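Student: Need a 3D model of the following:
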Amino acid sequence: MQEQPLYKLLRQMDYDQLDELAQEIRQYIKKVVFSNNGHLASNFGVVELTLSLYRVFDPSQDVVIWDTSHQSYVHKLLTGRWNSFSTLRSLNGISGFTSIKESFYDRFGTGHAGTSISAALGYSLADSYKNNNRSVIAVIGDGSINCGMALESLNQLKYQNANIKIILNNNDMSISNNVGALAGIFSRLRAKREYYQFKQFVKDSLSEAPFGQDLEIVLKKIKDSIKYSVYRSSVGYFEDMGIKYFGPVDGHNISELDVALSLLKEYNDSPAILHVITKKGKGLEEAEKNPTKFHGVSKPSENKNPSYSTIVGKVLAHLKGYDFISFTAAMSDGTGLEELKKVAPGKVLDMGITEPSIVTAAAAFSLNGILPVVAIYSTFMQRAFDSIVHDVALQNAPVLFLLDRAGLVGEDGPTHHGVFDISFLRLIPDIRILTPLDGQDLADMIYTAVVNGIKEPTFIRYPKEYENNTIQNILDSLKTVNEKWIYIKKSTSKNYILGVGTICKTLKECVKDYDINVIGVRSIKPLDTAVMQELTQKAENILVFEEGSLKGGFNEEIFKLYGKNVLPFGIKDSFIPAGSRQELLNMCGLDHQKIKEAIDAFIRSKERDMA
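Tutor: Numbers count the residues shown, from 1 in each chain. Okay, the predicted model is just below:
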């Protein structure tokens, strides 16, 4: 039986009941997130906003698009997924982001930041074409509105006569602290309470006075003057683009939100924006004090070994005396650069969620004689493809790219798996794509690039994994390396396994009982010519294992040379859902069990052929 959407009951509740529901929602989200992993602080910050939004607007008729949508848990709870919410981010469970495949109420899938206004613009223009009359609302944070797509779409709204409604959720944070001029404007607005105090004074003093309509007009002019004086930078920024500005309003006061959202709903003369001020992590003291820590909550890990991201940060911190600058897209903590920032804050440039701009800026940086180290998740680097081709590769700008979370990332799901980087990078001329075999190899490759410099754009990809070693041992063992492939196991067999990157750690365990050659591929581009020559002379069959898409993957390079005798193993032509990393590796045939089964089946088939 289909679950009744809870939002239909909201208009029948008084404010005391709504406050109780808000606390119940926070407790439920906390329970599920601490059990399943997920985003906590961002969702705690929008509880009252979502309740009021779905009191004023009807999500079955109106279109509500949540930017990035990691803050859409309350939306999910109110739109028929209260009972299934316990399956959040689990295999075959509900997504941690909005998904059009999951619910009618998820109008647009938004797993990457900055897309909501563009999507709302598209909905609005389509509604005009079809003569639909409904509200189209984009809910976007002050971190996401800095994105290029968001700014481009803001610039189009008035020109395209798209009267969409934007709710700017100003919580002064994305994942890391927000940066840039707009972030500064919004941050200053949060600190200015004069406008609130003025409004309250007028309301308290004159609400009962029988002065009539003339005074009402005068008061409105005074109010507007104060508003434009106190909030001039924000009001002017939007209204100069033809976007009507409302606010700011307390994002945790449902009665105040009801009034503001009702005004927003009734206003249809132009695109409009409602500025809502919220507290990330609201309702949980630890999250309010440390929203970055509680942005994403994970189960306590029994693995005490350093993650690959930590290794990256520690190695760069160790090399702080060398001439390089690192770039991050609001992810200094996730990419490990926080470790570098602790000891050399001037070596970390955070340009916000602006990946294409970062890549182009890094290209210019390198052409000015300084090594840029760009650390970005593989999935987010997809957004900068044109900048990589046009601004970096075409100019042969020596930029070092560190592609974190390459491969299957787990519970974040299809928007975040880094499975396409090999495919979209292989086709670009004059670049290097390196695939370290383990954490020490990763550290050595970074060390070599920083100490010796690089002559062409260089990409190092590594998964969301842990290294069975200590940071101190890794740092003590740093050495310069080349990108030659390495034999993991050598035999007289004419059958070969090529393992791309860290999957070789699994392969090493799987082949103990088999007479077969195993080679660790440490560079996808260029190929190791000496090993390739040996394969040409000796190999009869080649098995290729890679944690990436088979379409356009490394296996195609080998297949081009060896044809039907190449057996590829990797991620087939489909989007991979959310689930634990181990569950997904098993699903894709890349965990220890499935790899051993594949090798065993291959060996047995060859034995039958020889019988």
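
Student: just for the stretch 301-450 of the chain, where's the confidence low?
Tutor: Where the stretch 301-450 of the chain drops to pLDDT under 70, the residues are 301-302.

Student: Kindly recompute the last result at 90.
Tutor: 301-304, 352 (pLDDT under 90).

Student: residue ranges for the strands of it, please.
Tutor: 324-328, 348-350, 371-377, 400-404, 432-434 (DSSP state E, counting those that start in this stretch).

Student: Of the ones you listed, flag the one that's most buried.
Tutor: Of all the strands of the stretch 301-450 of the chain, strand 400-404 has the most neighbours on average by mean count of other CB atoms under 10 Å, namely a mean of 27. Every residue, glycine included, has its C-beta placed from N, CA and C.

Student: now that one and strand 371-377, what's the angle there?
Tutor: Angle, strand 400-404 to strand 371-377, by axes from the mean of the first three to the mean of the last three CA atoms, to 10 degrees: 20 degrees.

Student: got a list of contacts for strand 400-404?
Tutor: 308-309, 312, 324, 334-336, 371-378, 381, 418, 421, 446, 449-450, 454, 457-462, 464 (CB atoms under 8 Å, 6 or more residues apart in numbering).

Student: relative to strand 324-328, how tilted is that strand?
Tutor: 40 degrees.

Student: and strand 400-404, how far out from the chain's middle?
Tutor: Offset of strand 400-404 from its chain centre (CA atoms, centre = their mean, to the nearest Å): 15 Å.

Student: likewise stretch 480-497?
Tutor: 35 Å.

Student: Now do that stretch, average pLDDT.
Tutor: Stretch 480-497 shows a mean pLDDT of 96 in the predicted model.

Student: before we move on, back to that, buried ones among the contacts of strand 400-404?
Tutor: For those, a neighbour count by 16 or more other CB atoms under 10 Å gives the buried set as 308-309, 312, 324, 334-336, 371-378, 381, 418, 421, 446, 449-450, 457-462, 464.

Student: Just the residues you listed: which are in helices?
Tutor: Counted as lying in helices by DSSP state H, out of the buried ones among the contacts of strand 400-404, are 308-309, 312, 378, 381, 421, 446, 449-450.

Student: can you put these in TSV and add distance to Thr278?
Tutor: Below are those laid out as TSV (distance: CB to CB, whole Å):
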residue	distance to Thr278
Tyr308	34
Ser309	29
Val312	33
Ser378	31
Met381	30
Asp421	35
Ile446	39
Ala449	42
Val450	41
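
Student: For Gln4, state which of these is nearest.
Tutor: Of all these, Ser378 has the smallest distance to Gln4: 40.3 Å, by CB to CB.

Student: hang on, that closest one packs against Asp421?
Tutor: Yes: using CB atoms under 8 Å, Ser378 is in contact with Asp421, at 4.6 Å.

Student: Can you work out which residues contact both of these two?
Tutor: With CB under 8 Å, 6+ apart as the test, Ser378 and Asp421 both reach 403, 406, 461.

Student: beta partners of the first one?
Tutor: Read it as Leu403. Ile376, Arg461 (DSSP bridges).

Student: Residues contacting stretch 443-453, please?
Tutor: 311-312, 315-316, 319, 322, 324, 371, 373, 398, 400, 402, 434, 436, 458, 460, 474-475, 477-481, 483.

Student: And for Ile576, the neighbour number?
Tutor: Ile576 is flanked by 17 other residues according to other CB atoms under 10 Å.

Student: scratch that, Asp476 is what I was asking about
Tutor: Asp476, neighbours per other CB under 10 Å, totals 8.

Student: so who does it touch?
Tutor: No residues are in contact with Asp476 under the rule CB under 8 Å, 6+ apart.

Student: any idea where the helices of the stretch 251-400 of the chain begin and end?
Tutor: 254-266, 285-289, 308-318, 337-343, 355-367, 378-381, 385-387 (DSSP state H, counting those that start in this stretch).

Student: and those helices as a markdown table, adding distance to Gly548?
Tutor: Formatted as a markdown table, those follow (distance: least, CB to CB, whole Å):
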| stretch | distance to Gly548 |
| --- | --- |
| helix 254-266 | 45 |
| helix 285-289 | 35 |
| helix 308-318 | 16 |
| helix 337-343 | 24 |
| helix 355-367 | 20 |
| helix 378-381 | 9 |
| helix 385-387 | 16 |
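
Student: tell me how far the ends of stretch 487-500 are from each other?
Tutor: Using CA to CA, to the nearest Å, the end-to-end distance of stretch 487-500 comes to 12 Å.

Student: meant to ask about stretch 404-419, not that
Tutor: Termini of stretch 404-419 sit 11 Å apart (CA to CA).

Student: Run the chain-centre distance for that stretch.
Tutor: Counting by CA atoms, centre = their mean, stretch 404-419 comes out at 9 Å from the chain centroid.

Student: cool, stretch 357-367 as well?
Tutor: 21 Å.

Student: buried stuff in it?
Tutor: Going by 16+ other CB under 10 Å, stretch 357-367 has these buried residues: 357-363, 365-367.

Student: Centroid-nearest residue for this protein?
Tutor: Geometric centre of the chain, nearest residue: His112, 5.3 Å, by CA atoms, centre = their mean.

Student: So that residue sits against Phe380, correct?
Tutor: Yes: using CB under 8 Å, His112 makes contact with Phe380 at a distance of 6.8 Å.

Student: Mind pulling up the pLDDT for Lys606?
Tutor: 83.

Student: So what's the residue count around the residue nearest to Glu546 when sequence neighbours are not counted?
Tutor: Counting by CB to CB, 6 or more residues apart in numbering, Val500 is the residue found nearest to Glu546 once chain neighbours are left out, at 3.9 Å. Val500 is flanked by 25 other residues according to other CB under 10 Å.

Student: who's in contact with Val500?
Tutor: So Val500 contacts 422, 435, 521, 524, 544-548, 554 (CB under 8 Å, 6+ apart).

Student: Strand partners (parallel or antiparallel) of the lengthiest strand in the chain?
Tutor: Ranked by residue count under DSSP state E, the longest strand found in the chain is strand 541-549. Partners of strand 541-549 in the sheet, by DSSP bridges, are strand 495-500 (parallel), strand 566-571 (parallel).

Student: Could you check how far the residue nearest to Ser326 when sequence neighbours are not counted is from Asn36?
Tutor: In space, not counting the residues next to it along the chain, Ser326 is nearest to Val373; the distance is 4.4 Å by CB to CB, 6+ apart. Using CB to CB, to the nearest Å, Val373 is found at 34 Å from Asn36.
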